[in-house]
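Engineer: sharing a sequence plus its predicted fold:
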Amino acid sequence: MENGNRAVSPRDVRDLCALYGVRDQQVIDALMQMARESGRQGWWQAYGDIPQSVYVALEADATSFHTYEPMVIPGLLQTPAYAHAVIEETIPLLTVEQAATRLKVRLRRQRRIYDPASPLRLWVVLDKSVLRRVVGSPDIMREQLEHLNALGAEPHITVQVLPYAVGAHPGLSGQFSILRFADSPDAVVYLERFTSDLYLDKPSDVQRYSVNHDHLQAQALDTAGTRDFITDLTKTYIDAAASRL
């Protein structure tokens, strides 16, 4: 069990609690329930050894997700066409099968924000350049921006755009996300990198990134201003697509 070669069963937990003199029945019941849940496979495991499996598991358990993105639309908010273009254009030498698997996993992750029992609470701050960067084609961008505005109207999703006029800001060091979980004061900061992602859970690190996100929210356009900006920019992509006809 200690080496991870065998899962811990509820009976193991019960016996170990007796061995170590644990008498609080609530603690015993909670530990036994954790043992039961630990034996369940996550949906992502059906796709084999996928990249970022640790992050996907955290995302599946999270209740809230605060993120700053300076480069692309976050995966949870991407349309299939935009996601396909991002995967193909940012990961050289990817096989067709690998690209298809990554796309399926990304789209499957999005079900989390539509969970009728407990939808994931999203607060997304996007650098203005994210929306101006043409990923795929003007048609794909138009569809993506329309989708983004529709999601931003959902009560559990907040989307804000950070304008260029802000100048230097706390997000200049790059992308970061903060995941929080039900019935737990703990949180995890996720820093996505090309090869080795970083996970920070020290309270001081979480606090620092939380303050950074608070500042970015305050500096960004409000939700109404963001919606107007995205609507106006969508028209430019419509015109760009029409000019190619």
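Structural biologist: Perfect, I can see it now. Not measured: the values here are computed from a predicted model.

Engineer: quick one: neighbours of the nearest residue to Leu221 once chain neighbours are set aside, just the number.
Structural biologist: Leaving aside its sequence neighbours, Leu221 sits nearest to Val161 (Cβ to Cβ, 6 or more residues apart in numbering; 5.0 Å). C-beta: built from backbone N, CA, C; applies to glycine. Look at Val161: counted by other Cβ atoms under 10 Å, it has 23 neighbours.

Engineer: where along the chain do the strands fall?
Structural biologist: Using DSSP state E, the strands of the chain run over residues 62-69, 121-127, 157-162, 176-181, 187-191, 198-200.

Engineer: how about those in TSV, adding distance to Thr79 and mean pLDDT?
Structural biologist: Shown next, in TSV, are the strands of the chain (distance: least, Cβ to Cβ, whole Å; pLDDT from 0 to 100):
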stretch	distance to Thr79	mean pLDDT
strand 62-69	15	96
strand 121-127	15	98
strand 157-162	14	98
strand 176-181	20	96
strand 187-191	22	95
strand 198-200	28	93
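
Engineer: figure out which of these is closest to Ile230.
Structural biologist: strand 157-162 (7.2 Å; Cβ to Cβ).

Engineer: direction included, what does the closest one pair against?
Structural biologist: Applying DSSP bridges, strand 157-162 is found paired with strand 121-127 (parallel).

Engineer: and the contacts of the partner strand?
Structural biologist: Strand 121-127 is touched from outside by 63-71, 73-74, 76-77, 113, 156-162, 171, 213, 216-217, 220, with contacts defined as Cβ atoms under 8 Å, 6 or more residues apart in numbering.

Engineer: report the helix or strand with the lowest average pLDDT across the protein.
Structural biologist: Lowest mean confidence among the helices and strands of the chain (mean pLDDT, DSSP states H and E): helix 25-38, at a mean of 77.

Engineer: which of the residues in it are buried?
Structural biologist: 28, 31-32, 35 (16 or more other Cβ atoms under 10 Å).

Engineer: and if you look at stretch 98-114?
Structural biologist: The neighbour-count check on stretch 98-114 (16+ other Cβ under 10 Å) flags 101-103, 105-106, 109-110, 112-113 as buried.

Engineer: so how far is it off the chain centroid?
Structural biologist: Once both centres are worked out by Cα atoms, centre = their mean, to the nearest Å, stretch 98-114 turns out to sit 11 Å from its chain's centre.

Engineer: which of the contacts of strand 121-127 count as buried?
Structural biologist: Buried among the contacts of strand 121-127 (16+ other Cβ under 10 Å): 65-70, 73-74, 76-77, 113, 157-162, 171, 213, 216-217, 220.

Engineer: got the strands of the chain as JSON lines, with distance to Tyr55 columns?
Structural biologist: Shown next, in JSON lines, are the strands of the chain (distance: least, Cβ to Cβ, whole Å):
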{"stretch": "strand 62-69", "distance to Tyr55": "10"}
{"stretch": "strand 121-127", "distance to Tyr55": "15"}
{"stretch": "strand 157-162", "distance to Tyr55": "19"}
{"stretch": "strand 176-181", "distance to Tyr55": "9"}
{"stretch": "strand 187-191", "distance to Tyr55": "6"}
{"stretch": "strand 198-200", "distance to Tyr55": "8"}
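
Engineer: out of those, the one nearest Arg227 is which?
Structural biologist: strand 157-162 (8.2 Å).

Engineer: what angle do the closest one and strand 62-69 make?
Structural biologist: Going by axes from the mean of the first three to the mean of the last three Cα atoms, to 10 degrees, strand 157-162 is angled at 20 degrees with respect to strand 62-69.

Engineer: follow-up on the earlier one: hmm, who's touching the least confident helix or strand of the chain?
Structural biologist: Residues outside helix 25-38 that contact it (Cβ under 8 Å, 6+ apart): 7-10, 12-14, 17, 22.
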